[in-house]
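Asker: The sequence isn't on hand, but the structure is:
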């Protein structure tokens with residue numbers, strides 16, 4: 001029988017988040033979002049490694065992989081996946097409870113939250129024809145200490161996402177205050193120029209997603225040389241091909257950013273195929 005529960009807190013279906021939890025009061029925590037297929041998290045080694053690393057950056061002891069896997073099995077009973085159904089889990093790790101004030105307690109017990117949701121439905125056209133992006137006015141602030149990690153403070157992304165309501169736009173491209181391309185509101189971005197594949201340097205801001213990491217490791221299979229670099233908007237617009245990626249949809253080709261357009265090409269579908277079957 002399928003579980004009717006949609007969330008799990010510290011391994012319990014009945015527990016609630018304390019009003020003094022620092023994830024709630026200060027956004028003091030990190031998260032990951034991933035697909036669940038046949039009751040198992042897809043690309044789990046990559047996600048867990050990144051979860052541990054992101055926790056370490058802000059000084060939180062990440063719960064063990066075994067503990068989180070037990071939580072996943074509780075929230076996603078295997079009998080929910082009889083028809084090859086894919087679901088989504090968001091794992092949130094906060095520093096735990098604390099008194100008022102920014103200074104965390106000397107000893108904290110991390111709070112772990114798992115949230116179950118349905119797999120988003122992406123239009124067939126996104127896979128076949130590609131997607132359009134909005135160029136966001138909201139800029140990403142530079143903060144090297146937090147760069148790359150998926151922390152709970154996502155107000156920049158929220159403000160950027162509020163900039164458009166056009167349903168034909170899939171995501172928004174975000175720049176930093178130096179006009180360098182960084183990422184999209186929910187995706188990482190790559191630009192292909194000939195046999196070179198570039199993705200923005202995220203040492204000062206942005207989120208280093210695990211699909212970005214996986215694509216960077218596909219040089220041999222793609223026949224491309226991958227580079228992490230500073231990428232300007234004109235350089236992006238002059239690219240032969242632009243793709244965006246995340247853990248849920250894999251990769252989509254970008255066919256338009258404002259008035260800039262690209263012809264339909266095959267890199268995104270090749271990457272999706274490798275990520276799924278490779």
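Answerer: Cool, got the structure. The model shown is predicted, which means the values in this text are computed figures rather than measured ones.
Asker: Which residue, neighbours along the chain excluded, lies closest to residue 227?
Answerer: With C-beta to C-beta, 6 or more residues apart in numbering as the criterion, residue 227 has its nearest non-adjacent residue at 5.0 Å, and that residue is residue 198. Glycine gets a C-beta too; all of them are placed from N, C-alpha and C.
Asker: Quick one, grab the pLDDT at the closest residue in space to residue 262 that isn't next to it in sequence.
Answerer: Among residues not flanking residue 262 along the chain, residue 255 sits closest, at 5.4 Å (C-beta to C-beta, 6+ apart). Looking at residue 255, its pLDDT is 98.
Asker: Need the three-state assignment for residue 255.
Answerer: What DSSP: H, G, I helix; E, B strand; the rest coil gives for residue 255 is strand.
Asker: Same question for residue 268.
Answerer: Using three-state DSSP, the structure places residue 268 in helix.
Asker: Over to residue 146?
Answerer: coil.
Asker: and it, what does it touch?
Answerer: 57-58, 153, 205 (C-beta atoms under 8 Å, 6 or more residues apart in numbering).
Asker: Scan these and report the most crowded one.
Answerer: Ranked by the number of neighbours (other C-beta atoms under 10 Å), those place residue 205 first, at 23 neighbours.
Asker: from what I can see it touches residue 182, true?
Answerer: Yes. Taking C-beta atoms under 8 Å as the definition, residue 205 is a contact partner of residue 182 at 5.9 Å.
Asker: and for those two, which residues touch both?
Answerer: By C-beta under 8 Å, 6+ apart, the residues touching both residue 205 and residue 182 are 140, 176.
Asker: residue ranges of the strands in the stretch 51-200 of the chain, please?
Answerer: For the stretch 51-200 of the chain, strands defined by DSSP state E, counting those that start in this stretch occupy the ranges 86-94, 111-118, 131-135, 169-175, 181-184, 188-193, 196-200.
Asker: Please identify the most buried of these.
Answerer: strand 181-184 (a mean of 26; mean count of other C-beta atoms under 10 Å).
Asker: which helices and strands does that one pack with?
Answerer: The contact analysis (3 or more C-beta pairs under 8 Å, 6 or more residues apart in numbering; DSSP states H and E) places strand 181-184 against strand 169-175, strand 196-200, helix 233-237.
Asker: rounded to a whole number, what's the mean pLDDT of that strand?
Answerer: Per-residue scores along strand 181-184 average to 98.
Asker: cool, and stretch 54-71?
Answerer: 97.
Asker: which stretches of this protein aren't confidently modelled?
Answerer: For the chain, the stretches flagged by pLDDT under 70 are 1-3, 278.
Asker: Residues touching the longest helix along it, excluding its own?
Answerer: Longest helix in the chain, counting residues (DSSP state H): helix 44-57. Residues outside helix 44-57 that contact it (C-beta under 8 Å, 6+ apart): 30, 32, 34, 41, 61-62, 65, 68-69, 91, 93, 110, 145-146, 149-151, 208, 210, 213-214, 247.
Asker: What is the burial count for residue 246?
Answerer: 20.
Asker: Distance-wise, check the residue lying closest to it once chain neighbours are set aside relative to residue 79.
Answerer: Computed as C-beta to C-beta, 6+ apart, the closest residue to residue 246 that is not its neighbour in sequence is residue 187, at 4.8 Å. The gap separating residue 187 from residue 79 is 33 Å, by C-beta to C-beta, to the nearest Å.
Asker: Of those two, which one has the most company?
Answerer: A count of neighbours by other C-beta under 10 Å puts residue 187 above the other of residue 187 and residue 79, at 27 against 10.
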